[in-house]
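Peer 1: Below is the structure, and that's it, no one-letter string:
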């Protein structure tokens, strides 16, 4: 009724809780009036104790569920995943201390079959979730044992089976929680509840054996008791009282061996190495090894203490690896941590092998040391699940009891309360004729003894107790007895005494009347008694055999279904794994094909770009070879050192940029400088940009009072009518770059190309910057040992007229590759200072080989006589017609190729001047040279 009310109620939990409280008060009053529950704080003798049995059909009573829902005391393991509320299918009764509480009602206590069902649910659903569910399982198994205690310490098959499984759960938790490192876990509490469960179980074993029964798993738990209570000397005495088949069992003998190795005292052998080998060799059962694990710290400390006394301080200390193996550690690190706990020094020898100075042990055993965890024990379990480990052992199908409870015990269990019960007991014991029916065999109590044969004289008058008008729990008790009170007899009035008659002669028993009838009655009663005694044994044996067959058949069906499910599951997993492998292989193949296609596409594009670049370069080279004048200076082999194929690594220059503002003259106008640089990734180009403080935009602005200087770099998008207008200074980089060296280009070819570049710059200045004086500072970088005069010849610095608006200056900065950064910075700063302070157009002459500035009159040098004679001979009439000295672009077309890039396509707009104009220009050039002389 309460469960139905709970399921249909959807309001506030407080209202339902208050309603259940009122109903509970009425239920308690009714139970107390019927003497089914003891009154609170009432005193009662042991002989008048009530035979209490629970009636709750759920794992958690309905009232407790409502109360805990109202008080918000619901564990996460008890909530329905769909609703998030407590559910009767997940909730389990909690442990509550009986002190200060009213006696439990039958509806608060679960009967044995429900307790067995609850424990099976915990093992199947919650035990695999260890270590998270440890505290929940610890509390709920304690509640199961408490409900067995409430029901008069019930010791039937269900109770024995549940207590055995609870003990196995505690042992398994000891091992699992040791590796979980949970700070809230207390090993002492786990061991305490295990010992309490084990003590109750051993009392059940003693009770069953006293009645001639046999418990098949008793040797297992007697072995656990020997290891758990290692300091209890009374166990050795009690062990001698056990039957021979228990003492000689292999697991008990194994436990005795391990117990002897753990115990310390006079005459102890201290076989610590043999102890760990015996525990971990695989012949010790898994649970026994887990229980032995709680003594590992003690055994290891005793071993270290023994070695500290046995070894000499000057002798070689034991190897940490051997010590870890002898003391059952998983790793050397675990052994070293234990040595560190006991403050034992560790030394490392030349072979990097640690040694422990065990002779330095001075401290006692650390009781606060963490519970040891040994992963090697897991190998003993052979991969069994937690449920298989807990459900191991022989099933307790029957206890095979040979002696049942006597009639007096049955009567006291059924009629121990009330005046009528006491009267019935006295009548039964005094021999009054009663009719006793055989109670139905249930799972609550053991089978009772058959009733005694009925007496022939039965009076039909009886006294019966009235039945209650409400449904009560149905405990297994005897049927109501019919008590026959003795009928009073009327005595005749007394008569005077007569003289005693003479003694009759002795008669034989067979001569007595009615002997034959009495003999037949005796024989009939004897036969009935024997039949009544033998028949229950035969019936019980047949029922046990039928139960075994039924259980065996059920087990076979379950095994067959489990194997089929396992095979189906494995086939599904294999199929899914195969699909996953095939999909991954298909994906890898597609990725590789896609990568190959991209590589092929990129390679084709690179090949096309390379072919196009080579074609452009070949066209430019062929064009250059066709326009090179006949007078091209060449480098003598002895004057040029071989150019390396690649530039070495150049350390970073930390001298910083040049402060151009300090070098600027005191003027009030704005100045413009154009930097024509080569490859922006080249080392020399980066060095120039750093000294000029050019940013990523390629521009820089300097100011000194009213004077300003704007520096920008020339891009590939050449616009002469814009870039060369109003330009005061030009910085031109010449020489070989990293890319030129890698491409294997000759220095003579590079300087010849730079000469053409310089001529083109001067031409642009004369066209677009006419009337505005411009100074061109040529910065030469090269690692080859080329003399200064050869550089001047290659660059054709003497071809630029003195009277033009352009002044060309040459600065050799090749010493940059010798890491002379300070000197090179100073040299460039001096050149920039001279260039910025130049106020007049200076004539251009060919300087001496050891000079650096061609525009300085003091540093000029005259052409040698052989060069002058050669020039004059070329000015002859015949030479004028065959000597080509000048190359120009057509004035009518805008140039579209870059001065810096050799990879831009040619325009085809190059043309030679007419013959008359060429002769006229040659005459003017000769006159200018003669005037300089």
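Peer 2: Structure received. What you see is a predicted model; the values in this text were computed from it and never measured.

Peer 1: burial of the residue lying closest to residue 720 once chain neighbours are set aside, as a residue count?
Peer 2: In this structure, residue 720 finds its nearest non-sequential neighbour in residue 764, 4.7 Å apart by CB to CB, 6 or more residues apart in numbering. Placement of C-beta: from N, CA and C, glycine included. Residue 764 has 23 neighbours, counted by other CB atoms under 10 Å.

Peer 1: What are the boundaries of the strands in this structure?
Peer 2: 346-348, 354-356, 670-676, 699-704, 707-713, 729-735, 774-781, 806-812, 888-889, 910-911 (DSSP state E).

Peer 1: rank those strands by pLDDT, which is bottom?
Peer 2: Ranked by mean pLDDT, the strands of the chain end with strand 888-889 in last place, scoring a mean of 35.

Peer 1: Can you name the residues that contact residue 392?
Peer 2: Contact analysis of residue 392 by CB atoms under 8 Å, 6 or more residues apart in numbering lists 168, 384.

Peer 1: From residue 678, how far out is residue 524?
Peer 2: Using CB to CB, to the nearest Å, we find residue 524 at a distance of 137 Å from residue 678.

Peer 1: more neighbours, those two?
Peer 2: Counted by other CB under 10 Å, residue 524 and residue 678 do not tie: residue 678 has more neighbours, with 22 against 11.

Peer 1: Tell me how far the more buried one lies from residue 740.
Peer 2: The value you get for residue 678 to residue 740, if CB to CB is used, is 9 Å.

Peer 1: same thing with residue 306?
Peer 2: Distance from residue 306 to residue 740, by CB to CB: 82 Å.

Peer 1: the more surrounded of the two?
Peer 2: residue 740 (21 against 16).

Peer 1: Can you verify my assumption that residue 754 contacts residue 795?
Peer 2: Yes. Counting by CB atoms under 8 Å, residue 754 does reach residue 795; the two are 6.2 Å apart.

Peer 1: tell me, what's touching these two both at once?
Peer 2: Contacts common to residue 754 and residue 795, judged by CB under 8 Å, 6+ apart, are residue 734.

Peer 1: which of these two has more neighbours?
Peer 2: A side-by-side neighbour count of residue 754 and residue 795, using other CB under 10 Å, places residue 795 first with 25 against 22.

Peer 1: The more buried one: what's it in contact with?
Peer 2: By CB under 8 Å, 6+ apart, the contact set of residue 795 is 734, 751, 754-755, 758, 778, 810.

Peer 1: again, 10 Å this time
Peer 2: 633, 732, 734, 751-752, 754-759, 778, 780, 808, 810 (CB atoms under 10 Å, 6 or more residues apart in numbering).

Peer 1: by contact count, what packs against the biggest helix by length in the chain?
Peer 2: Counting residues, the longest helix found in the chain (DSSP state H) is helix 515-627. Here helix 515-627 touches helix 747-768, strand 910-911, going by 3 or more CB pairs under 10 Å, 6 or more residues apart in numbering; DSSP states H and E.

Peer 1: With respect to residue 719, which of the ones you listed lies nearest?
Peer 2: The closest of the helices and strands packed on helix 515-627 to residue 719 is helix 747-768. By CB to CB, the value is 9.8 Å.

Peer 1: where does the stretch 401-550 of the chain have low pLDDT?
Peer 2: 402-507 (pLDDT under 70).

Peer 1: and if we set it to 50?
Peer 2: Within the stretch 401-550 of the chain, the segments meeting pLDDT under 50 span 406-495.

Peer 1: same question, the stretch 751-900 of the chain
Peer 2: For the stretch 751-900 of the chain, the stretches with pLDDT under 50 are 839-868, 870, 874, 876-900.

Peer 1: What score does the residue positioned nearest the centre of the chain have for pLDDT?
Peer 2: The centroid of the chain falls nearest to residue 180 when counting by CA atoms, centre = their mean (13.9 Å). Here the pLDDT value assigned to residue 180 is 88.

Peer 1: deepest of the helices and strands packed on helix 515-627, which one?
Peer 2: Ranked by mean neighbour count, those are led by helix 747-768 with a mean of 19 (mean count of other CB atoms under 10 Å).

Peer 1: rewinding a little: list just the nearest of the contacts of residue 795 to residue 29.
Peer 2: Nearest member of these to residue 29, counting by CB to CB, is residue 732, at 117.4 Å.
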